[in-house]
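[1] Let's see this in three dimensions:
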Amino acid sequence: MNEPPTLPAPHVCEQARLSRDARFDGLFFTAVSSTGIYCRPVCPAPAPKRENVHYYPNAAAAEAAGFRPCLRCRPELAPGNEQWQHGDHVVARALKLIEAGTLAEQSLDTLAARVGIGARQLRRLFVERLGATPVSVHTTRRLLFAKQLLTETALPVTEVALASGFRSLRRFNAAFAQANRIAPRELRRHPRTAAGAALVLRLGYRPPYDFPGLLAFLRTRALPGVELVDARSYARVFGPADAPGWLWLSAWPGGEHALQLQLHCPQPTRLLGVVTTLRRMFDLDANPQAIADTFRHDAVLGPLVARHPGLRLPGGWDGFEIAVRAILGQQISVAAARTLATRIVQRWGEPLTAGPLPGLERLFPTPAALAQADLREIGLTTARATTINTMAQALLDGRVDFRAEQSLDEFAARWVALPGIGAWTAHYIAMRALSAPDAFPAADLILRREAATDAAPLSTKALTERANAWRPWRAYAVIHLWRGASETLSPARRKKTEAMA
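    Numbers count the residues shown, from 1 in each chain. This next block holds a predicted model:
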């Protein structure tokens, strides 16, 4: 796959900046030489003179050039640019690893080795394509998250440092002051939350965003005891059992292009990982305009995109959980798969002695808990129970995993090597556990029927060929086709044939 351009065309950047177009928020940043500050395209400050403006593809590049983040538009609230994480090129794979926290625990040499090149070459590629080194991208990401925590919460500065990946308060203070020209405590004059209360954070996105549609998808699959989903919000409990956390996600009041996250996380070092997981799970960094441009002239998808322009790819909280539910959903309805998954949670999920929120009292079972479990006792067939046992053991053995840097083809090949897992299941897992934008379960009956232009469903081969025009966004085509089917089928037929798990 060819590498995407690092910036929109200059005239597009200029027009977006002057019109404060929210569709370009996070796709580039505007730096002003006369002030030394960089901003989001939506910054409400008076527009600077064109001769003083420089455009950068990301915040790290702007900071590497010596600019500091604007205190008014707050670059830390901009949605990410997930475009660069698509495909199998080296920079995309390295960026996925950086987002997964690899540089927080390992060296640049290790990061480079995991993508198959040397550290010097990786550094050169990052500077050429992104305008900043891998370490700068990692550091900027941590400091912007710290800035959000300092501005929006009352967390002690020491906990902010830990949450943003700094093990030394001294190093955090120095890095923050260098990047922001201000000490961390100077952002603490007006804390917005009481100490000890749940954190409240803004998670920005690029409009349009169909939050109700995403919630509707998750609501039919919600696991009682583990998560709560209604028409306006998503709530979940997460481990470890001895110090469980909880989260509640809803639309930000007042129509702002953001979700409101209420979060209780007893371990500060997990905060950034939780937020990163939620951004992936709710597809907050997608570029809906790029996706719509690919589908707009397609006879089948064009009308669907026009009807639901902000439809996003619903991810999952945990890869193992999604894998279990995908196996359960093979050739049965969503409702039936949910029933079986609920039985598994009630039988093998770890109960919490004091549920953090009403209705949230269990954790989803671990691979170790299900590797040897006799799943037949809750109604699974012998074959399906064996598949889940084998898959859980394969995860424990490292034969399969959810590593961020692996390609879609590599991931699918390793998973279909397990007994009982075919291409449909592997691609469904990739679509929801990895949020792989080009995953495509081509054997799905609904997809083959909805993509056809006559009454007869397409064959798997014919649909695969048809879907080549939808790359690299085939997973979004899946969601549009599934939703289109759910809107046209009768309730009885929908229950019988809807997309599995």
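
[2] Report the separation between residue 126 and residue 30.
    To residue 30, residue 126 is 21 Å away according to CB to CB, to the nearest Å. Placement of C-beta: from N, CA and C, glycine included.

[3] Residue 338 contacts residue 220, doesn't it?
    Yes - with contact defined as CB atoms under 8 Å, residue 338 counts as touching residue 220 (7.3 Å).

[4] who has more neighbours, these two?
    residue 338 (19 against 14; other CB atoms under 10 Å).

[5] Okay, and the more buried one sits in which element?
    According to DSSP states H and E, residue 338 maps onto helix 334-348.

[6] With residue 29 instead?
    Assigned by DSSP H and E, residue 29 falls in strand 29-32.

[7] List the contacts of that strand.
    Residues outside strand 29-32 that contact it (CB atoms under 8 Å, 6 or more residues apart in numbering): 13, 17, 37-41, 43, 48, 52-59, 61-62, 65, 67, 75, 78.

[8] and what of stretch 360-367?
    Surrounding stretch 360-367, the residues in contact under the criterion CB under 8 Å, 6+ apart are 223, 225-228, 235-239, 241, 244, 246, 318, 320-321, 324, 344-346, 348-352, 355, 373, 392-393, 395-396.

[9] Could you measure from residue 451 over to residue 244?
    Separation of residue 451 from residue 244 (CB to CB) stands at 43 Å.

[10] In terms of residue numbering, what are the domains of this structure?
    Domain assignment for the chain by automatic domain parsing gives 10-78, 83-187, 318-436, 437-501.

[11] among these, which is nearest residue 213?
    Evaluated over those, closeness to residue 213 peaks at domain 437-501, with 6.8 Å, by CB to CB.

[12] List the contacts of residue 371.
    Contacts of residue 371 (CB under 8 Å, 6+ apart): 389, 392, 393, 396.

[13] Helices - which of the contacts of strand 29-32 land there?
    Per DSSP state H, helices hold the following members of the contacts of strand 29-32: 13, 17, 59, 61, 62.

[14] May I see the domains of the chain arranged in TSV, with distance to residue 295 as well?
    Formatted as TSV, those follow (distance: least, CB to CB, whole Å):
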stretch	distance to residue 295
domain 10-78	16
domain 83-187	16
domain 318-436	17
domain 437-501	7
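
[15] Looking at those, which is nearest to residue 265?
    With CB to CB as the criterion, residue 265 lies closest to domain 83-187 of the domains of the chain, at 8.5 Å.

[16] Show me where this structure has its strands.
    When secondary structure is read from DSSP state E, the chain shows strands at 29-32, 37-39, 53-56, 68-69, 199-204, 227-229, 233-238, 245-251, 258-264.

[17] Give me the sheet partners of the fifth one and which way each runs.
    Read it as strand 199-204. Paired neighbours of strand 199-204 in the sheet (DSSP bridges): strand 258-264 (antiparallel).

[18] And the partner strand, how far out from the chain middle?
    Relative to the centre of its chain, strand 258-264 is centred 15 Å away, using CA atoms, centre = their mean, to the nearest Å.

[19] For stretch 269-277, what does the pLDDT average out to?
    The predicted model gives stretch 269-277 an average pLDDT of 96.

[20] repeat for stretch 287-305
    Averaged across stretch 287-305, pLDDT comes to 95.

[21] got it, and stretch 228-237?
    Average pLDDT, stretch 228-237: 97.

[22] likewise stretch 487-501?
    Here stretch 487-501 scores 50 as its mean pLDDT.

[23] same question, stretch 349-365
    Stretch 349-365 carries an average pLDDT of 88.

[24] swap in stretch 90-97?
    Mean pLDDT, stretch 90-97: 93.

[25] With stretch 459-478 instead?
    The average pLDDT within stretch 459-478 is 97.

[26] Alpha carbons only: can I get it in CSV?
    Extracted in CSV, the C-alpha atoms of stretch 459-478 (Å, rounded to 0.1, in the frame of the first residue of the first chain):
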residue,chain,number,x,y,z
SER,A,459,-20.8,-15.7,-4.1
THR,A,460,-17.9,-15.1,-1.6
LYS,A,461,-15.5,-14.8,-4.5
ALA,A,462,-17.7,-12.3,-6.3
LEU,A,463,-18.1,-10.2,-3.2
THR,A,464,-14.4,-10.2,-2.5
GLU,A,465,-13.8,-8.9,-6.1
ARG,A,466,-16.6,-6.4,-5.8
ALA,A,467,-15.1,-5.1,-2.5
ASN,A,468,-11.7,-4.3,-4.0
ALA,A,469,-13.2,-0.9,-4.9
TRP,A,470,-13.9,-0.3,-1.2
ARG,A,471,-10.3,-0.6,0.0
PRO,A,472,-8.8,0.4,2.4
TRP,A,473,-12.2,0.9,4.2
ARG,A,474,-13.9,-2.5,3.6
ALA,A,475,-14.7,-2.8,7.3
TYR,A,476,-16.8,0.4,7.1
ALA,A,477,-18.6,-1.1,4.1
VAL,A,478,-19.5,-4.1,6.3
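
[27] Buried residues, that stretch. List them.
    Using 16 or more other CB atoms under 10 Å as the test for burial, stretch 459-478 gives 460, 463, 466, 467, 470, 472, 473, 474, 475, 476, 477, 478.

[28] Contacts for that stretch, please.
    Residues outside stretch 459-478 that contact it (CB under 8 Å, 6+ apart): 1, 86-87, 290-291, 294-295, 298, 301, 311-313, 431, 435-444, 447-448, 451, 458, 499.

[29] contacting residues around residue 345?
    Each residue near residue 345 by CB under 8 Å, 6+ apart is listed here: 223, 224, 225, 226, 362, 364, 365.

[30] and the third one, what are its bridge partners?
    According to DSSP bridges, the residues that bridge with residue 225 are residue 360.

[31] hang on, the earlier thing: need the buried residues of stretch 459-478 in TSV (columns: distance to residue 407).
    Below are the buried residues of stretch 459-478 laid out as TSV (distance: CB to CB, whole Å):
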residue	distance to residue 407
460	21
463	21
466	22
467	18
470	18
472	12
473	16
474	15
475	15
476	19
477	19
478	19
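
[32] Now intersect those residues with the helices, please.
    Using DSSP H, the subset of those located in helices is 460, 463, 466, 474, 475, 476, 477, 478.

[33] biggest separation within the residues you listed, which pair?
    So, these by CB to CB: farthest apart are 460 and 476, at 19.5 Å.

[34] for stretch 230-238, which positions count as buried?
    So for stretch 230-238, counting by 16+ other CB under 10 Å, buried means 233, 234, 235, 236, 237, 238.

[35] what's the nearest residue to the last one if we skip its chain neighbours?
    Taking CB to CB, 6 or more residues apart in numbering as the measure, residue 238 lies nearest to residue 245, with 5.2 Å between them; neighbours along the chain are not counted.

[36] was I right about that neighbour contacting residue 270?
    Yes - with contacts counted by CB under 8 Å, residue 245 reaches residue 270, the gap being 7.4 Å.

[37] Which residues are in contact with residue 69?
    By CB under 8 Å, 6+ apart, residue 69 lies in contact with 37, 38, 59, 63, 75, 76, 144, 147, 179, 180.

[38] Show the contacting residues for the fifth one.
    Contact partners of residue 75, counting by CB under 8 Å, 6+ apart, are 29, 38, 39, 40, 59, 69, 144.
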